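task: produce atomic coordinates for the following.
(4 chains)
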Protein chains: 2
Amino acid sequence: MDLKALAANLQLSMTTVSRALNGYSDVSEKTRQRVVEAARNLGYQPNPVARSLALGRANAVGIVHPLEHGDVADPRFLSVVAGLTEGLAAQHIDLLIASATEKGELDTYDRLVTGRRVDGFIVARTLRQDERIDYLRQAGVPFLAYGRTADASGYPWFDFDNAAGSRMAVERLVELGHRRIAYIHASLHYNFAYGRHAGFIEAMRAAALPVEPRWMPSAGLARSSGYNAMLGLLEQAQWPSAVIIDNNLAGEGAVRALLDRGVAIGRQMSVIVYDGSPPDTLLNGINITAVIQPAHHHPGRHMAGLIANVLSGDYQLDEVQMLCQPEILAGESDGPC
Amino acid sequence: MDLKALAANLQLSMTTVSRALNGYSDVSEKTRQRVVEAARNLGYQPNPVARSLALGRANAVGIVHPLEHGDVADPRFLSVVAGLTEGLAAQHIDLLIASATEKGELDTYDRLVTGRRVDGFIVARTLRQDERIDYLRQAGVPFLAYGRTADASGYPWFDFDNAAGSRMAVERLVELGHRRIAYIHASLHYNFAYGRHAGFIEAMRAAALPVEPRWMPSAGLARSSGYNAMLGLLEQAQWPSAVIIDNNLAGEGAVRALLDRGVAIGRQMSVIVYDGSPPDTLLNGINITAVIQPAHHHPGRHMAGLIANVLSGDYQLDEVQMLCQPEILAGESDGPC
DNA sequence: GTGAAAGCGCTAACAG
DNA sequence: CTGTTAGCGCTTTCAC
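Sure thing, here's the model as predicted:
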């Protein structure tokens, strides 16, 4: 069932049918009714390929998945994808996932753009200095970043307020009487890690607490490195009384290290983990106090709306820069000093 | 730079240029050289949308990601996606990832098919009875299954020999002198779990060893359930001397349980895990003996080739049903009884 | 308010 | 071997 057949069936021209279906004004309400109903009855589905050709857009956005060597399933990545596809489906936009080639990630962006396979991109996992964003900006390709960069002005993004999350965590610990607070963090090249790190320092200073570099190890985004980082803290002459971990993979590792060393979590050592426990964790017994990015913010939905806006090309920058606030979800992994 | 411009530039007709570029035979070698070179120099990239419209295919395959409630990043799923995109890129086929809607997974397949957004599908994570495969078969939609179903005849698939993997594990343990072998497995609705389970039983019988239901708990695809399953085994009056776990998530949990209970792995209890340790595990100290699906089989590449074949519609069934053999990768988690 | 006709960029008969 | 021509299915001027 194509447009021609539908038009013939209705004894109308393709033009009129097309306009009726696409909600143009210059078609009588009565005709529109007829057309819409017939379309439904006959199961007419416009051919998106033909549509794309005529309109000059692909009706798809791309997301490039970097296949780092030994790369693991990044839960972060997949949850973005999941939320997005759902949100985009409502706008009749497809999500095209491409793997970065060996030649590099930028090359993949280029291929997708010059091949007109997508109208724009989602850039996930932003770095503080992100060459992908530099590239897309200078190439004039529409995109929406999931996370900001060092200079967040001038392009569309969706992000959570990372600094605020850390501040909330510090303030909570300070209220519980802690003064020696450690901080395990991922590479500060990640913008989220940088922001959380900055928020931590800021809050510590505001509380007139010492910011001790030896208590602020870098750990990477992995269980194992969180484990090692925590062991490192435990080997020091003086222990912190609390520790904040800026990502939940390292967080699980860190908690495991405490368990292995027999440290009483919440008593000897208070723990707050950004994003809490990963879903399928082996720490089920322990209810970790967490900085969370509340689900009611529906990142996927928001981002779908934002990217649609971006693709339309008709927007004010401040409409497509969205910052959501995190919250503290109290658990049992922290307590009075 | 479109075909017309390129042709004008070469003083040739679009037809000739098109044929030269698409490797038709009826164009002089000299002309082809010129065309190809000009295309490269001028950076000509065919518009895939126009191409799709003319050819009547989308040049894309779909993969539907079921968004189960609380679904986690499935490493299995992502690694398939990663390998596939790479392999498909070489064939100029895109991978379209769609989330299942609330209305159900089948509905999503239907939407993609009637919308002509894809030419076929990859169906991952097959169940023993899989309604998706039933649906696609009866709808006459091309697809390639990653994993088989109860009845694997009559449609294209790529799979590993699950039963063989279990047999190899059992045989290895038997040679080490084990007679009390336990088996922790995922839901037998998954075809891979069923096959591995069947292979286990078969090999046990072949070795004249007892198949004890109480030593064969079902654990699900999760660290936590593997943990609990192992605890269950340890609570029994008589312990097995070895245990095989049919997936690596549950495997990690099971090993963790042994560690927590202070059981000497490889001495008091031998362990073999299908697929070994997940990449970022907290068991780094332990080198687990594993049944592996060797990387040299390049599942992604193979599947890309197979699906291309399937889409062409011109194939013998036995060319698109591919079974790879697993291997044992010896570690230190098993030893003499 | 409706229709005829000209593309969107490419491929594929069909002639020469 | 090469060019002419007619689509693929839809949108969109431009007339009526």
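
so where's the stretch 51-200 of chain A uncertain?
Within the stretch 51-200 of chain A, the stretches with pLDDT under 70 are A:67-78, A:101-103.

what are the ranges of the helices in it?
Assigned by DSSP state H, counting those that start in this stretch, the stretch 51-200 of chain A shows helices spanning A:75-90, A:105-114, A:131-139, A:162-175, A:191-206.

export those to TSV and tack on mean neighbour count?
In short, each C-beta sits where N, CA and C put it, glycine included. Listed next are these as TSV, based on neighbours: other Cβ atoms under 10 Å in any protein chain shown:
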stretch	mean neighbour count
helix A:75-90	21
helix A:105-114	18
helix A:131-139	16
helix A:162-175	22
helix A:191-206	21
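
how about those helices, which one is nearest DNA strand D?
Comparing the helices of the stretch 51-200 of chain A by their distance to DNA strand D (Cβ to the nearest atom of the strand), the top pick is helix A:75-90, with 17.6 Å.

so which elements touch the closest one?
strand A:60-65, strand A:94-99, helix A:299-312, strand B:60-65, helix B:75-89, strand B:94-99 (3 or more Cβ pairs under 8 Å, 6 or more residues apart in numbering or on different chains; DSSP states H and E).

quick one: the first one near chain B?
Yes. Using Cβ under 8 Å from any Cβ of the partner chain, a contact is recorded between strand A:60-65 and chain B, made by A:60, A:65.

packing partners for that strand?
So strand A:60-65, by 3+ Cβ pairs under 8 Å, 6+ apart, packs with helix A:75-90, strand A:94-99, helix A:105-114, strand A:120-123, helix B:75-89.

I'd like those as CSV, with distance to DNA strand D appended.
Output for the helices and strands packed on strand A:60-65, formatted as CSV (distance: least, Cβ to the nearest atom of the strand, whole Å):
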stretch, distance to DNA strand D
helix A:75-90, 18
strand A:94-99, 16
helix A:105-114, 21
strand A:120-123, 18
helix B:75-89, 23
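
my guess is residue A:32 meets residue A:20, correct?
Yes. Using Cβ atoms under 8 Å, residue A:32 makes contact with residue A:20 at a distance of 4.4 Å.

per-domain residue ranges of chain A.
A:60-160+A:297-325, A:162-294 (automatic domain parsing).

most neighbours per residue, which of those domains?
domain A:162-294 (a mean of 20; mean count of other Cβ atoms under 10 Å in any protein chain shown).

measure that one end to end?
13 Å (Cα to Cα, to the nearest Å).

what about contact with chain B: does it have any residue there?
Yes. With Cβ under 8 Å from any Cβ as the criterion, chain B is reached by domain A:162-294 at A:222-224, A:227, A:249, A:252-253, A:256, A:278-282, A:284.

could you redo these as CSV and give each row pLDDT and distance to DNA strand C?
Output for the residues of domain A:162-294 next to chain B, formatted as CSV (pLDDT from 0 to 100; distance: Cβ to the nearest atom of the strand, whole Å):
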residue, pLDDT, distance to DNA strand C
A:222, 87, 44
A:223, 89, 48
A:224, 91, 49
A:227, 96, 53
A:249, 89, 45
A:252, 93, 50
A:253, 94, 51
A:256, 94, 55
A:278, 76, 46
A:279, 75, 45
A:280, 80, 46
A:281, 83, 50
A:282, 85, 53
A:284, 68, 55
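
what does the stretch 1-150 of chain A have sitting close to DNA strand D?
Within the stretch 1-150 of chain A, the positions near DNA strand D by Cβ under 7 Å from any atom of the strand are A:2-4, A:14-15, A:18-19, A:21-22, A:46-47, A:50-51, A:53-55.

just the buried residues from the residues you listed, in ChimeraX please.
Applying 16 or more other Cβ atoms under 10 Å in any protein chain shown to these leaves a buried subset, and the ChimeraX line that selects it is:
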select /A:3,18,19,21,46,47,50,53
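
which ones, among the residues of the stretch 1-150 of chain A next to DNA strand D, also lie beside DNA strand C?
A:14-15, A:19, A:50, A:53-54.

any idea how far the residue most central in space within chain A lies from DNA strand C?
Geometric centre of chain A, nearest residue: residue A:146, 4.6 Å, by Cα atoms, centre = their mean. The spacing between residue A:146 and DNA strand C, counted by Cβ to the nearest atom of the strand, to the nearest Å, is 31 Å.

before we move on, back to that, save the helices of the stretch 51-200 of chain A as a markdown table, and put in distance to residue B:117 too.
Below are the helices of the stretch 51-200 of chain A laid out as a markdown table (distance: least, Cβ to Cβ, whole Å):
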| stretch | distance to residue B:117 |
| --- | --- |
| helix A:75-90 | 11 |
| helix A:105-114 | 16 |
| helix A:131-139 | 25 |
| helix A:162-175 | 36 |
| helix A:191-206 | 33 |
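
which one of those helices lies nearest to DNA strand C?
helix A:105-114 (10.9 Å).

how about the closest one, does it get close to chain B?
Yes. Against chain B, helix A:105-114 shows contacts by Cβ under 8 Å from any Cβ at residue A:114.

against residue A:138, how distant is the closest residue to DNA strand D within the stretch 201-337 of chain A?
Per Cβ to the nearest atom of the strand, residue A:312 is where the stretch 201-337 of chain A lies closest to DNA strand D, at 12.8 Å. Residue A:312 sits 21 Å away from residue A:138, going by Cβ to Cβ, to the nearest Å.

and residue A:219, by the same measure?
Taking Cβ to Cβ, one finds residue A:219 at 34 Å from residue A:138.

and the ones next to DNA strand C among the residues of the stretch 1-150 of chain A next to DNA strand D, which two are furthest apart?
A:19 and A:53 (18.4 Å; Cβ to Cβ).

is the nearest residue to residue A:1 once chain neighbours are set aside in a helix, a strand, or coil?
Excluding the flanking residues, the one nearest residue A:1 by Cβ to Cβ, 6 or more residues apart in numbering or on different chains is residue A:44, at 4.8 Å. Following DSSP: H, G, I helix; E, B strand; the rest coil, residue A:44 is assigned to coil.

residues near residue A:44, how many?
19 (other Cβ atoms under 10 Å in any protein chain shown).

that one: what's it in contact with?
A:1-3, A:6, A:38 (Cβ atoms under 8 Å, 6 or more residues apart in numbering or on different chains).

reformat the residues you listed into CSV and put secondary structure and pLDDT next to each item.
Shown next, in CSV, are those (DSSP: H, G, I helix; E, B strand; the rest coil; pLDDT from 0 to 100):
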residue, secondary structure, pLDDT
A:1, coil, 86
A:2, coil, 89
A:3, helix, 92
A:6, helix, 92
A:38, helix, 92
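
how about those residues, which pair is most distant?
A:2 and A:38 (13.2 Å).

name the helix or strand for the residue nearest to residue A:309 when sequence neighbours are not counted, please.
The shortest distance from residue A:309 to any residue other than its chain neighbours is 4.8 Å, reached at residue A:315 (Cβ to Cβ, 6+ apart). Per DSSP states H and E, residue A:315 falls between elements, in no helix or strand.

tell me how far residue A:315 lies from residue A:322.
12 Å.

and residue A:133, by the same measure?
Relative to residue A:322, and taking Cβ to Cβ, residue A:133 is found at 16 Å.

now residue A:130
18 Å.

pick out the residue in chain A sitting closest to DNA strand D.
residue A:3 (2.8 Å).

now that residue: how far from residue A:18?
For residue A:3, the distance to residue A:18 - Cβ to Cβ - is 6 Å.

do residue A:31 as well
Taking Cβ to Cβ, one finds residue A:31 at 12 Å from residue A:18.

tell me the secondary structure for residue A:230?
Residue A:230 - assigned by three-state DSSP - is helix.

same question, the one 10 residues further on
When classified by three-state DSSP, residue A:240 comes out as coil.
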